[in-house]
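Asks: Sequence first, then the predicted structure, then my questions.
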Amino acid sequence: MFGIFKAAKPHTLTIEGAGEVIAELIVEPKETILTAALRQGIRFPHSCKAGGCATCKCKLVDGKIKELTSSAFILSSEDLDNGMVLGCQTQLRSDATIRIDSLVAGFATPVLQKGIIIAKRMLTHDITQITVTLPEAIAYQAGQYAQVSVPSIAAGSRSYSFATPAQGNEVMFFIRQVPNGEVSGWMKEQAAAGDEIEIDGPYGDFYLRNGNGALLMVAGGSGLAPILAMLEEALNFKTERDLVFIFGARTQQDLYALNLIQRIAQNWAGTFQFIPVLSAEPEDSDWQGARGFVTDHIDSLGNHFTQTYMCGPPPMLDAVESYLKEHKLSPEGIYSDRFLDRSYTIQTTKNVASSQEVKA
């Protein structure tokens, strides 16, 4: 009579990158995709491991799965429609195949290196610029990111975008200090030239695609890093596409890298329109520029751009994406990189847990 209770068995997981099979591995019963991949040496993109950051999202190509928490709390509606799941919250119920777009064929294979901080400076009251030298150069695409960890901190790695195009064995990051952020707090308060940190990368599929139409780029906070890298790389290749760049910030004190943006604008082959938008600037200040939210100013730009690239806080990006889709703008694609800080991750995880309790 006990024969009906069959022991759970392992399943085979095939991992595809963009255009090629990356690996085949065994996933044990009750083991998540992410845990199995890391256990077997696969450099699977991840950060929080708790279902709150979406760094480990991947596309389920085929197979049956079990989700430990609902991915609907963190993935966009478009991600859900495209069959995306969270690697850290997904177990297998059959052999399966997933695709990780950040493992792009033709891009550099992620490598873990120990780097040395060679320069540090404050860009704003809460954004620190860190420059690191590495033993070997990283051939990343402008827009990609690395997973950065500090040996003395057990909190794990954090995902930070490269702030410049690939330039030998030096890399630069813009790191925003977040509430109770162990790594970002260390970067602001304790990091100094000569300190060692670990750089694992590159990762990500956020990069400038081919095209001929005008571009819309949107950045918020430290989300300026990958946008600047993409702009500088495009400038180096003498891109002639017209471009509108909107930088959303709270106050004038939160604006930075303006001289670099001005230099890019002056040397851009096509037209270059830069619009900083402040959402919390005091009414009695000397600011003469745009106020409000980024979406308040898209309508005045017309509909001449064909692709959109944006990086920053999820609420801002969600609002911009909804506006563009509602007005049928950016027909060749909307590409985004959501910056999720630790406080957002923790709160999202609490919301997910609370929801699961209610459903139970």
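Replies: Ah, there it is.

Asks: Next one: residue 9 from residue 28, what distance?
Replies: 9 Å (Cβ to Cβ, to the nearest Å). (Each C-beta comes from the backbone N, C-alpha and C, glycine too.)

Asks: One more: residue 164?
Replies: Taking Cβ to Cβ, one finds residue 164 at 41 Å from residue 28.

Asks: hmm, back to that, the more surrounded of residue 9 and residue 28?
Replies: When residue 9 and residue 28 are compared for neighbours, residue 28 comes out ahead with 15 against 7, by other Cβ atoms under 10 Å.

Asks: outside of stretch 24-36, which residues touch it?
Replies: 8-15, 37, 39-40, 42, 44, 46, 49, 56, 58, 68, 85, 87-92, 98 (Cβ atoms under 8 Å, 6 or more residues apart in numbering).

Asks: now with 7 Å?
Replies: Contact partners of stretch 24-36, identified using Cβ atoms under 7 Å, 6 or more residues apart in numbering, comprise 8-14, 37, 40, 42, 44, 46, 49, 56, 87-92, 98.

Asks: Filter those residues down to just the buried residues.
Replies: Buried subset of the contacts of stretch 24-36 (neighbour count, 16 or more other Cβ atoms under 10 Å): 11, 13-14, 37, 42, 44, 46, 49, 56, 87-92, 98.

Asks: Among the residues you listed, which pair sits farthest apart?
Replies: 14 and 49 (22.2 Å; Cβ to Cβ).

Asks: ok, the closest residue to residue 168 other than its chain neighbours - how many residues close by?
Replies: Using Cβ to Cβ, 6 or more residues apart in numbering and skipping residues adjacent in sequence, the residue nearest residue 168 is residue 137, 5.1 Å away. Neighbour count for residue 137, taken as other Cβ under 10 Å: 14.

Asks: Please look at residue 137 and residue 169 and confirm they touch.
Replies: Yes: using Cβ atoms under 7 Å, residue 137 makes contact with residue 169 at a distance of 4.6 Å.

Asks: Now, the buried ones among the contacts of stretch 24-36 that are in helices?
Replies: Per DSSP state H, helices hold the following members of these: residue 37.

Asks: Helices of this protein, start to end?
Replies: 33-39, 77-81, 182-189, 224-236, 258-267, 314-326, 342-359.

Asks: which parts of the shortest one are buried?
Replies: Within helix 77-81, the residues scored as buried using 16+ other Cβ under 10 Å are residue 79.

Asks: about what we covered before: can I get the helices of the chain in TSV with mean pLDDT and distance to residue 110?
Replies: Listed next are the helices of the chain as TSV, based on pLDDT from 0 to 100; distance: least, Cβ to Cβ, whole Å:
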stretch	mean pLDDT	distance to residue 110
helix 33-39	88	12
helix 77-81	84	22
helix 182-189	95	19
helix 224-236	95	17
helix 258-267	96	28
helix 314-326	89	24
helix 342-359	37	22
